[in-house]
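[1] kindly return the folded structure for what I paste below:
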Amino acid sequence: MDKPFKDSKYKDFLKDVKERIYKAQYEALKQVNRELIELYWDIGRIIAEKQKEHGWGKSVVQNLAKDLQKEFPGIKGFSVDNLWRMRKFYLRYKDNEKLAPLVQEISWAKNIVIKIGDFKPEYAGKMQFYLSAINDRVKLKGENPSIGIIVCKGKNRTIVEYALKDVNKPIGVSTYTIKKTLPKQLSRYLPSSKELAESILDYKMKLHNSRDMIL
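    A predicted model of the protein is given here:
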């Protein structure tokens, strides 16, 4: 029977593999976020274009929200309010050739930065910079200032307190735990990662293949 590895070389090896897995998970999450923002941008564009083309009013957005929620019951992002946000989002930035691509890379409702390691003081400064840029460039009229959430694998409470002591933006620091399966008490409220990925891919294909299908 093989003996368990306990030397420092194996510990370093294990750490490297774990870090690689965390990085892959983080990159996958960023990719999903980019796909969603692109999806929201496209929906907002199609709504605005079809309203202008056909002279449709507010009721078409209500009908669209109802039909999308029937078609995609596991995805809760297609409410009437969210569809109007998508339309406003597109209309505000569509004519700015330099800013529009940048806006599409920014998280939709809140700004969650996920780190694969423990919290570091410099994260607070970077988050404050992001919030200032988003509030100035992205926040829609009537919306509250953005809230920054830094999610790390671990944190030292004292370090967090000193890092945020003189920060003048609303920033929170939390930790995460990675589990292989979704907790049972949450599974009925959220689609699985496979279902979410399939729904996004299917919906993007429908949007690109037929712009007239939605409205």
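[2] going forward, measure contacts and count neighbours with C-alpha atoms only.
    Fine.
[3] could you pick out the longest helix of the chain?
    As assigned by DSSP state H, the longest helix anywhere in the chain is helix 8-54.
[4] elements contacting that helix?
    Judged by 3 or more CA pairs under 8 Å, 6 or more residues apart in numbering; DSSP states H and E, the packing partners of helix 8-54 are helix 80-93, helix 193-209.
[5] low-confidence ranges, this protein, go.
    1-6, 26-33, 74-76, 96-111, 113-114, 116, 138-143, 178-215 (pLDDT under 70).
[6] please parse it into its domains.
    The record's domain parsing of the chain by automatic domain parsing lists 1-107+183-209, 110-178.
[7] surely Phe78 is in a helix?
    No. Under DSSP: H, G, I helix; E, B strand; the rest coil, Phe78 sits outside any helix and is assigned coil.
[8] spatially nearest residue to it (excluding sequence neighbours)?
    Ala65 (5.7 Å; CA to CA, 6 or more residues apart in numbering).
[9] how many neighbours does Asp166 have?
    By the criterion of other CA atoms under 10 Å, Asp166 has 8 neighbours.
[10] what's the closest residue to Lys115 other than its chain neighbours sitting at in phi/psi?
    Nearest residue to Lys115 in three dimensions, chain neighbours excluded: Cys152, at 4.9 Å (CA to CA, 6+ apart). The phi/psi pair for Cys152 (degrees, to the nearest 10) reads phi -120, psi 160.
[11] my guess is Cys152 meets Tyr176, correct?
    Yes. Here Cys152 lies in contact with Tyr176, judged by CA atoms under 8 Å, at a distance of 6.3 Å.
[12] show me which of these two is the more surrounded one.
    Taking neighbours as other CA under 10 Å, Cys152 and Tyr176 compare with Cys152 leading, 19 against 12.
[13] thought Ser79 was touching Ala65?
    Yes. At 5.4 Å, Ser79 counts as touching Ala65 under the criterion of CA under 8 Å.
[14] nothing else from me, thank you.
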